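Enquirer: just coords:
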(Lines give C-alpha, C1' and ligand atoms only; values in the text may rest on other atoms or scores of the structure.)
Protein backbone atom coordinates (compact mmCIF):
# COMPACT_ATOMS: atom_id res chain seq x y z
CA UNK A 1 0.00 0.00 0.00
CA UNK A 2 1.25 3.41 -0.92
CA UNK A 3 -0.76 5.18 1.78
CA UNK A 4 -1.79 3.75 5.16
CA UNK A 5 -5.00 5.82 5.00
CA UNK A 6 -6.41 8.20 2.43
CA UNK A 7 -6.57 11.89 3.24
CA UNK A 8 -10.02 13.51 3.08
CA UNK A 9 -10.20 17.21 2.26
CA UNK A 10 -13.17 19.39 3.22
CA UNK A 11 -14.09 19.50 -0.48
CA UNK A 12 -14.09 15.68 -0.64
CA UNK A 13 -16.19 15.59 2.54
CA UNK A 14 -18.96 17.54 0.81
CA UNK A 15 -20.04 14.46 -1.16
CA UNK A 16 -21.12 12.54 1.94
CA UNK A 17 -23.62 15.28 2.71
CA UNK A 18 -25.66 14.30 -0.37
CA UNK A 19 -27.56 11.49 1.47
CA UNK A 20 -27.95 13.88 4.42
CA UNK A 21 -29.61 16.45 2.14
CA UNK A 22 -31.90 13.72 0.80
CA UNK A 23 -33.10 12.89 4.33
CA UNK A 24 -33.61 16.60 5.08
CA UNK A 25 -35.65 16.89 1.86
CA UNK A 26 -37.84 14.01 3.07
CA UNK A 27 -38.37 15.83 6.37
CA UNK A 28 -39.47 18.94 4.47
CA UNK A 29 -41.68 17.04 2.02
CA UNK A 30 -43.48 15.27 4.86
CA UNK A 31 -43.91 18.59 6.70
CA UNK A 32 -41.79 17.51 9.64
CA UNK A 33 -39.70 19.91 11.68
CA UNK A 34 -36.03 19.93 10.71
CA UNK A 35 -34.83 22.43 13.30
CA UNK A 36 -33.50 19.71 15.61
CA UNK A 37 -31.83 17.81 12.75
CA UNK A 38 -30.13 20.90 11.33
CA UNK A 39 -29.06 22.01 14.79
CA UNK A 40 -27.59 18.57 15.43
CA UNK A 41 -25.62 18.50 12.16
CA UNK A 42 -24.30 22.03 12.60
CA UNK A 43 -23.18 21.22 16.12
CA UNK A 44 -21.67 17.92 15.00
CA UNK A 45 -19.67 19.59 12.23
CA UNK A 46 -18.37 22.47 14.35
CA UNK A 47 -17.65 20.28 17.37
CA UNK A 48 -15.67 17.71 15.37
CA UNK A 49 -13.65 20.37 13.54
CA UNK A 50 -12.84 22.11 16.81
CA UNK A 51 -12.03 18.87 18.63
CA UNK A 52 -9.73 17.91 15.77
CA UNK A 53 -7.62 20.98 16.50
CA UNK A 54 -7.97 20.56 20.27
CA UNK A 55 -6.86 16.92 20.19
CA UNK A 56 -3.70 17.93 18.35
CA UNK A 57 -2.75 19.85 21.49
CA UNK A 58 -4.17 17.36 24.00
CA UNK A 59 -2.39 14.36 22.46
CA UNK A 60 0.94 16.12 22.89
CA UNK A 61 0.40 17.11 26.50
CA UNK A 62 2.45 15.57 29.28
CA UNK A 63 0.24 16.93 32.06
CA UNK A 64 -2.15 14.39 33.64
CA UNK A 65 -4.28 17.24 35.04
CA UNK A 66 -5.14 18.28 31.47
CA UNK A 67 -6.40 14.78 30.71
CA UNK A 68 -8.37 14.61 33.97
CA UNK A 69 -9.91 18.01 33.21
CA UNK A 70 -11.00 16.85 29.76
CA UNK A 71 -12.57 13.71 31.27
CA UNK A 72 -14.51 15.83 33.79
CA UNK A 73 -15.85 18.06 31.01
CA UNK A 74 -16.90 14.98 29.03
CA UNK A 75 -18.72 13.51 32.04
CA UNK A 76 -20.49 16.78 32.83
CA UNK A 77 -21.71 17.11 29.26
CA UNK A 78 -22.75 13.45 29.14
CA UNK A 79 -24.94 13.92 32.22
CA UNK A 80 -26.79 16.85 30.65
CA UNK A 81 -27.29 15.16 27.28
CA UNK A 82 -28.46 11.91 28.91
CA UNK A 83 -31.46 13.68 30.45
CA UNK A 84 -32.54 15.36 27.21
CA UNK A 85 -35.53 12.98 26.64
CA UNK A 86 -36.74 13.27 30.25
CA UNK A 87 -39.75 15.58 30.61
CA UNK A 88 -39.53 16.36 34.32
CA UNK A 89 -35.94 17.47 34.78
CA UNK A 90 -34.58 18.04 38.27
CA UNK A 91 -31.14 18.87 39.57
CA UNK A 92 -31.12 15.59 41.48
CA UNK A 93 -31.58 13.67 38.22
CA UNK A 94 -28.54 15.42 36.75
CA UNK A 95 -26.50 14.44 39.81
CA UNK A 96 -27.76 10.87 39.45
CA UNK A 97 -26.90 10.75 35.74
CA UNK A 98 -23.39 12.19 36.15
CA UNK A 99 -22.70 9.91 39.13
CA UNK A 100 -23.92 6.80 37.31
CA UNK A 101 -21.97 7.54 34.12
CA UNK A 102 -18.86 8.49 36.11
CA UNK A 103 -18.82 5.33 38.22
CA UNK A 104 -19.61 2.91 35.40
CA UNK A 105 -17.47 4.73 32.86
CA UNK A 106 -14.37 5.40 34.94
CA UNK A 107 -14.34 1.86 36.37
CA UNK A 108 -14.42 0.44 32.85
CA UNK A 109 -11.86 2.95 31.57
CA UNK A 110 -9.40 2.07 34.35
CA UNK A 111 -9.74 -1.66 33.62
CA UNK A 112 -9.21 -1.14 29.88
CA UNK A 113 -6.28 1.28 30.08
CA UNK A 114 -4.45 -0.20 33.06
CA UNK A 115 -5.17 -3.94 32.82
CA UNK A 116 -5.96 -4.72 29.18
CA UNK A 117 -3.67 -2.22 27.41
CA UNK A 118 -1.36 -1.37 30.34
CA UNK A 119 -0.70 2.22 29.33
CA UNK A 120 2.57 3.86 30.28
CA UNK A 121 2.14 6.59 31.37
CA UNK A 122 -1.34 5.85 32.71
CA UNK A 123 -2.79 9.08 31.32
CA UNK A 124 -1.53 8.64 27.73
CA UNK A 125 -4.06 11.01 26.07
CA UNK A 126 -3.90 9.42 22.62
CA UNK A 127 -5.52 6.32 24.13
CA UNK A 128 -7.36 7.59 27.21
CA UNK A 129 -9.41 10.33 25.52
CA UNK A 130 -10.78 8.27 22.56
CA UNK A 131 -11.50 5.24 24.77
CA UNK A 132 -13.18 7.45 27.37
CA UNK A 133 -15.26 8.99 24.61
CA UNK A 134 -16.56 5.60 23.48
CA UNK A 135 -17.24 4.46 27.04
CA UNK A 136 -18.91 7.66 28.24
CA UNK A 137 -21.01 8.02 25.08
CA UNK A 138 -22.43 4.50 25.34
CA UNK A 139 -23.06 4.92 29.06
CA UNK A 140 -24.79 8.23 28.33
CA UNK A 141 -27.05 6.66 25.69
CA UNK A 142 -27.96 3.78 27.99
CA UNK A 143 -28.80 6.13 30.87
CA UNK A 144 -30.81 8.31 28.49
CA UNK A 145 -32.89 5.40 27.20
CA UNK A 146 -33.33 3.98 30.69
CA UNK A 147 -34.30 7.35 32.17
CA UNK A 148 -36.95 8.03 29.54
CA UNK A 149 -38.45 4.54 29.75
CA UNK A 150 -38.46 4.54 33.56
CA UNK A 151 -40.28 7.89 33.64
CA UNK A 152 -43.01 6.58 31.33
CA UNK A 153 -43.38 3.20 33.03
CA UNK A 154 -43.38 4.55 36.58
CA UNK A 155 -45.99 7.19 35.78
CA UNK A 156 -48.20 4.46 34.32
CA UNK A 157 -47.68 1.63 36.82
CA UNK A 158 -46.38 3.30 39.99
CA UNK A 159 -44.33 0.15 40.59
CA UNK A 160 -40.58 0.68 40.87
CA UNK A 161 -39.58 -2.94 40.22
CA UNK A 162 -41.57 -3.29 36.99
CA UNK A 163 -40.50 0.14 35.75
CA UNK A 164 -36.85 -0.62 36.54
CA UNK A 165 -36.90 -3.94 34.68
CA UNK A 166 -38.47 -2.40 31.59
CA UNK A 167 -36.11 0.59 31.68
CA UNK A 168 -32.97 -1.52 32.11
CA UNK A 169 -33.93 -3.82 29.24
CA UNK A 170 -34.62 -0.81 27.00
CA UNK A 171 -31.33 0.83 27.96
CA UNK A 172 -29.34 -2.14 26.71
CA UNK A 173 -31.24 -2.79 23.46
CA UNK A 174 -28.79 -0.88 21.18
CA UNK A 175 -25.62 -2.45 22.56
CA UNK A 176 -27.23 -5.92 22.72
CA UNK A 177 -28.26 -5.61 19.07
CA UNK A 178 -24.72 -4.59 18.17
CA UNK A 179 -23.39 -7.77 19.84
CA UNK A 180 -25.43 -9.83 17.38
CA UNK A 181 -24.62 -7.63 14.38
CA UNK A 182 -20.90 -7.04 14.81
CA UNK A 183 -18.81 -8.92 12.26
CA UNK A 184 -21.88 -9.92 10.24
CA UNK A 185 -23.96 -6.82 9.59
CA UNK A 186 -21.32 -4.26 10.47
CA UNK A 187 -17.63 -3.68 11.01
CA UNK A 188 -17.54 -1.12 13.85
CA UNK A 189 -15.64 2.14 13.78
CA UNK A 190 -12.50 1.16 15.66
CA UNK A 191 -12.02 -2.07 13.71
CA UNK A 192 -12.67 -0.37 10.37
CA UNK A 193 -10.29 2.47 11.23
CA UNK A 194 -7.51 0.10 12.23
CA UNK A 195 -7.92 -2.01 9.10
CA UNK A 196 -7.88 1.12 6.91
CA UNK A 197 -4.68 2.24 8.65
CA UNK A 198 -2.96 -1.06 7.88
CA UNK A 199 -3.40 -3.02 11.14
CA UNK A 200 -3.85 -6.78 10.83
CA UNK A 201 -7.56 -7.74 10.85
CA UNK A 202 -6.81 -10.29 13.59
CA UNK A 203 -5.36 -7.59 15.85
CA UNK A 204 -8.22 -5.27 14.95
CA UNK A 205 -10.70 -8.01 15.90
CA UNK A 206 -9.16 -8.35 19.37
CA UNK A 207 -9.39 -4.61 19.90
CA UNK A 208 -13.02 -4.69 18.81
CA UNK A 209 -13.80 -7.49 21.28
CA UNK A 210 -12.34 -5.26 23.97
CA UNK A 211 -14.46 -2.35 22.78
CA UNK A 212 -17.69 -4.37 22.69
CA UNK A 213 -17.10 -5.69 26.21
CA UNK A 214 -16.22 -2.27 27.61
CA UNK A 215 -19.24 -0.48 26.13
CA UNK A 216 -21.63 -3.24 27.20
CA UNK A 217 -20.20 -3.28 30.71
CA UNK A 218 -20.13 0.48 31.17
CA UNK A 219 -23.62 0.92 29.68
CA UNK A 220 -25.07 -1.77 31.91
CA UNK A 221 -23.39 -0.57 35.09
CA UNK A 222 -24.24 3.08 34.47
CA UNK A 223 -27.90 2.49 33.62
CA UNK A 224 -28.32 0.14 36.60
CA UNK A 225 -26.76 2.70 38.94
CA UNK A 226 -28.99 5.46 37.61
CA UNK A 227 -32.07 3.34 38.24
CA UNK A 228 -30.77 2.44 41.71
CA UNK A 229 -30.29 6.11 42.54
CA UNK A 230 -33.88 6.74 41.41
CA UNK A 231 -35.12 4.18 43.92
CA UNK A 232 -33.40 6.05 46.74
CA UNK A 233 -34.93 9.30 45.51
CA UNK A 234 -38.41 7.77 45.33
CA UNK A 235 -38.10 6.33 48.83
CA UNK A 236 -36.95 9.68 50.20
CA UNK A 237 -39.88 11.51 48.54
CA UNK A 238 -42.34 9.07 50.14
CA UNK A 239 -40.98 9.75 53.62
CA UNK A 240 -41.44 13.51 53.27
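Expert: Structure's in. What do you need? Bear in mind the structure is a predicted one, so any value in this text is a computation, not a measurement.
Enquirer: when you work out contacts or count neighbours from here on, use the C-alpha atoms and nothing else.
Expert: Will do.
Enquirer: isn't residue 114 up against residue 123?
Expert: No: Residue 114 sits out of contact with residue 123 when judged by Cα atoms under 8 Å, with a separation of 9.6 Å.
Enquirer: these two: which is more packed in?
Expert: Neighbour totals were compared for residue 114 and residue 123, and residue 123 leads with 20 against 15 (other Cα atoms under 10 Å).
Enquirer: who are the neighbours in contact with the more buried one?
Expert: 64, 67 (Cα atoms under 8 Å, 6 or more residues apart in numbering).
Enquirer: ramachandran angles for it?
Expert: When read as degrees, to the nearest 10, the backbone of residue 123 gives phi -100, psi 10.
Enquirer: report pLDDT for it.
Expert: pLDDT for residue 123: 91.
Enquirer: from residue 110, how far out is it?
Expert: In this view, residue 123 and residue 110 are 10 Å apart by Cα to Cα, to the nearest Å.
Enquirer: for the most centrally placed residue in the chain, which non-adjacent residue is closest in space?
Expert: Most central in the chain under Cα atoms, centre = their mean is residue 137, positioned 1.2 Å from the mean C-alpha point. Nearest residue to residue 137, sequence neighbours excluded (Cα to Cα, 6 or more residues apart in numbering): residue 78, at 7.0 Å.
Enquirer: show me what secondary structure element comes after whatever helix or strand that neighbour lives in.
Expert: Using DSSP states H and E, residue 78 falls within helix 64-82. Using DSSP H and E, the next helix or strand after helix 64-82 towards the C-terminus is helix 91-110.
Enquirer: report all helices and strands that the helix or strand just after that next one contacts.
Expert: The C-terminal neighbour of helix 91-110 among helices and strands, as given by DSSP H and E, is helix 125-157. Packing partners of helix 125-157 (3 or more Cα pairs under 8 Å, 6 or more residues apart in numbering; DSSP states H and E): helix 64-82, helix 91-110, helix 160-171, helix 201-239.
Enquirer: looking at the ones you listed, which has the lowest confidence?
Expert: Looking at the helices and strands packed on helix 125-157, the lowest mean pLDDT belongs to helix 201-239 (a mean of 87).
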